[in-house]
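Chemist: Here is a sequence with its predicted model. Questions after.
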Amino acid sequence: MNFLAHIYLSFGDEEVSIGNFIADSIQGNRFKHLPEKIQQGIVLHRAIDTYTDAHPIYRKSSRRLHKNHSHFSRVIVDVFYDHFLAANWEHYSKEGLENFVGRFYTLLKEHYEILPEHTKHLMPYMIRDNWLVNYAHVEGIDRVLKGLYRRTGRKSNMDRAAEDLLQHYDVFKEEFTLFFADLIIFSREKFENITNSSSE
């Protein structure tokens, strides 16, 4: 899953959400120096990714893109699914998306010193262009995908992936809705296991 989903699936725990957000920028076990709750977020992130990659609905979405995008398909599905989370946010949270995202941006700034260098580099652009809120719009997703296209050295077709989203919009939305219901259940159980086991 992409940024917004990982933050959401931290279930309101601020430090866990930081770990869940930065996990892709941390290699192996190079996080043992971080506060315990942030470590828990990293472990949770990796469990979510493992579950997601094996889920049949997620794999079905990915296969639909494989002809045009080959091994970049899963990256694109992650972005698509964040779009559907943002666009249908009111179904998942009583708190408005802009307020939720604003609080997270503040949280990032408060934890700046412990963020990985990659996250520190990314953060100003994310906040300036309000990525997480703009995920709710296809135009915002298109900008994200074109940015990923440039970062892959223009070796992918991700600059045109928004066309795939629009072509199969209702199907992707249905798949996201079914998949995310499963993911919330899995993530909640994993979150409780991780956080409770450390407090015993």
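Modeler: Done, it's in.
Chemist: Spatially, and excluding backbone neighbours, which residue is closest to residue 184.
Modeler: Ranked by CB to CB, 6 or more residues apart in numbering and with sequence neighbours excluded, the top spatial neighbour of residue 184 is residue 9, at 7.1 Å. Just so you know, the C-beta spots here come from the backbone N, C-alpha and C atoms, and that holds for glycine as well.
Chemist: Residue 117 now?
Modeler: Spatial nearest neighbour of residue 117, excluding adjacent residues (CB to CB, 6+ apart): residue 25 at 7.8 Å.
Chemist: Same question for residue 75.
Modeler: Using CB to CB, 6+ apart, the closest residue to residue 75 is residue 148 (6.7 Å).
Chemist: The helix or strand containing that neighbour: which residues count as buried?
Modeler: Per DSSP states H and E: residue 148 is located in helix 138-151. By 16 or more other CB atoms under 10 Å, the buried positions in helix 138-151 come out as 140, 141, 142, 143, 144, 145, 148, 149.
Chemist: Turn those into a markdown table, columns for pLDDT.
Modeler: Formatted as a markdown table, the buried residues of helix 138-151 follow (pLDDT from 0 to 100):
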| residue | pLDDT |
| --- | --- |
| 140 | 92 |
| 141 | 93 |
| 142 | 93 |
| 143 | 91 |
| 144 | 89 |
| 145 | 90 |
| 148 | 86 |
| 149 | 87 |
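Chemist: As CSV, those with distance to residue 119 would be great.
Modeler: Compiled in CSV, the buried residues of helix 138-151 are given as follows (distance: CB to CB, whole Å):
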residue, distance to residue 119
140, 20
141, 21
142, 24
143, 20
144, 16
145, 20
148, 17
149, 21
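Chemist: Please name every helix or strand in contact with the longest helix along the chain.
Modeler: Longest helix in the chain, counting residues (DSSP state H): helix 169-199. Using 3 or more CB pairs under 8 Å, 6 or more residues apart in numbering; DSSP states H and E, the elements in contact with helix 169-199 are helix 36-54, helix 56-69, helix 73-87.
Chemist: Just the angle for the first one relative to helix 56-69, thanks.
Modeler: What separates the directions of helix 36-54 and helix 56-69 is an angle of 70 degrees, with axes from the mean of the first three to the mean of the last three CA atoms, to 10 degrees.
Chemist: Right, I'll call it a day here.
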